[in-house]
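*Asks:* sequence first, predicted coordinates after that:
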Amino acid sequence: MRCSVCHFYSRRCSLNMVAGKKQRIQSLVPNFQNPSNLLALQKLLNTPMKFFIDTANLNEIKEAYNLGVLDGVTTNPSLMAKEGIAGPEKVKAHYKAICNIVDNNVSAEVIATDFDNIIAEGKELAKIDDKIVVKVPMIKDGVKAIKKFSSEGIRTNCTLVFTSGQALLAAKAGASYVSPFIGRLDDISQDGLELIAQIRLIYNNYGYQTEILAASIRHTMHLIKCAEIGSDVVTCPLKVITDLLNHPLTDSGLAKFLADHKKVNG
Ligand code: E4P
């Protein structure tokens, strides 16, 4: 049945989401003296949505940062290759350059796919800067590595997530972020936004602190629907962020205001 307020079916209904959040707050309040409950409460009560930019291009990162709305950056091996960044030293220097632009949250992806090498590579990446979040693929050794990183206080972003089961595993392992790829699901005729709603519901049910980082965002409607569902973060190309600025009535309205002003002021 559709909700008469938000018009989504029950699993995506914003009222259900809010009810889940309220329930979680109520369960934390009686024991708020416990520092971890207090932290969880603060998180639930005061968590503005974050915007990350999905690129390794320094000019685009600077442009988004200068707009004043950027909270972080996600990269991946394809995006690094697109900028022609090759070799360990150049890769490290490029991540450092990104960290020097933004305030926090720079996802740097490991290339290794076995536990020992993911740990070694992730630790090297984490050493570059405190802003680095080690991005680890959703594979068996990746999950084990996320658990190890989280026990050592190294932040992680579990990437290439396409099901709610994968997102649950990532949260249980202690990932700081989970990256479901909306656009790539849409590309194969599956509902990417539905996945974000499923993960939101599951995390709300149990109070998982892993942040949902909606990835592979292709257009502004993806971003806006993610905000309605309650995704903690979106990562998208610069164009999706700047497209939020646009409406033809804004343009024509401004042109009219300026023309009217000019009529009497010259
Ligand atoms: C996520 O972190 C990925 O870098 C990214 O969002 C993938 O997006 P794409 O499907 O547009 O390549």
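*Replies:* Good, I have the coordinates.
*Asks:* near the ligand, which residues of the stretch 101-250 of the chain are found?
*Replies:* By the rule Cβ under 6 Å from any ligand atom, the part of the stretch 101-250 of the chain lying against the ligand is Thr159, Ser179, Phe181, Gly183, Arg184, Ala215, Ser216, Thr235. C-beta here means a position set from N, CA and C on the backbone, and glycine is covered the same way.
*Asks:* from these, which land in strands?
*Replies:* By the criterion of DSSP state E, membership of those in strands covers Thr159, Ser179, Thr235.
*Asks:* what residues are bridge-paired with the last one?
*Replies:* Thr235 has these beta-bridge partners by DSSP bridges: Phe52.
*Asks:* residues contacting it?
*Replies:* Phe52, Ile53, Asp54, Gly72, Thr74, Ser179, Leu213, Ala214, Ala215, Ile217 (Cβ atoms under 8 Å, 6 or more residues apart in numbering).
*Asks:* wait, Glu63 touches Lys239, no?
*Replies:* No: Glu63 sits out of contact with Lys239 when judged by Cβ atoms under 8 Å, with a separation of 10.7 Å.
*Asks:* of those two, who's got more company?
*Replies:* Glu63 (15 against 11; other Cβ atoms under 10 Å).
*Asks:* any idea how far that one lies from Leu79?
*Replies:* Counting by Cβ to Cβ, to the nearest Å, the gap between Glu63 and Leu79 amounts to 16 Å.
*Asks:* read off the pLDDT value for Gly207.
*Replies:* Per-residue pLDDT puts Gly207 at 88.
*Asks:* and it, how many residues sit next to it?
*Replies:* As a measure of burial, Gly207 has 17 neighbours, counting by other Cβ under 10 Å.
*Asks:* need phi/psi at it.
*Replies:* With angles defined as degrees, to the nearest 10, Gly207 shows backbone torsions of phi 70, psi 30.
*Asks:* now do the contacts for Lys172.
*Replies:* Going by Cβ under 8 Å, 6+ apart, Lys172 touches Tyr208.
*Asks:* now the helix or strand encompassing it: mean pLDDT?
*Replies:* Assigning secondary structure by DSSP states H and E places Lys172 in helix 164-173. When the per-residue pLDDT values of helix 164-173 are averaged, the result is 98.
*Asks:* pull out the CA atoms of it and give them to me as PDB.
*Replies:* Written as PDB, here are the backbone C-alpha positions of helix 164-173 (Å, rounded to 0.1, in the frame of the first residue of the first chain):
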ATOM      1  CA  SER A 164      21.300  -5.300   1.000                       C
ATOM      2  CA  GLY A 165      23.000  -8.500   2.200                       C
ATOM      3  CA  GLN A 166      26.300  -7.200   1.100                       C
ATOM      4  CA  ALA A 167      25.600  -3.900   2.900                       C
ATOM      5  CA  LEU A 168      24.600  -5.800   6.100                       C
ATOM      6  CA  LEU A 169      27.900  -7.800   6.000                       C
ATOM      7  CA  ALA A 170      29.900  -4.500   5.500                       C
ATOM      8  CA  ALA A 171      28.100  -3.000   8.500                       C
ATOM      9  CA  LYS A 172      28.700  -6.100  10.700                       C
ATOM     10  CA  ALA A 173      32.400  -5.900   9.800                       C
END
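*Asks:* for it, the distance to its chain's centre please.
*Replies:* 15 Å (Cα atoms, centre = their mean, to the nearest Å).
*Asks:* again with stretch 152-160
*Replies:* Its chain's average C-alpha position is 12 Å from that of stretch 152-160, according to Cα atoms, centre = their mean.
*Asks:* stretch 124-135 now?
*Replies:* 17 Å.
*Asks:* what's it in contact with?
*Replies:* 72, 74-76, 92, 95-96, 99, 102-110, 122, 149, 154-159, 176-177, 179.
*Asks:* just the mean pLDDT for that stretch, thanks.
*Replies:* For stretch 124-135, the per-residue pLDDT averages 97.
*Asks:* hey, C-alpha coordinates of it in CSV?
*Replies:* Below are the C-alpha coordinates for stretch 124-135, written out as CSV (Å, rounded to 0.1, in the frame of the first residue of the first chain):
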residue,chain,number,x,y,z
GLU,A,124,50.1,2.6,3.4
LEU,A,125,47.1,4.7,2.1
ALA,A,126,46.0,5.6,5.6
LYS,A,127,49.5,6.9,6.4
ILE,A,128,49.2,9.5,3.6
ASP,A,129,46.8,11.7,5.6
ASP,A,130,44.2,11.5,8.4
LYS,A,131,41.6,12.4,5.8
ILE,A,132,42.0,9.1,3.9
VAL,A,133,39.3,6.5,4.1
VAL,A,134,40.5,3.1,2.8
LYS,A,135,38.2,1.9,0.1
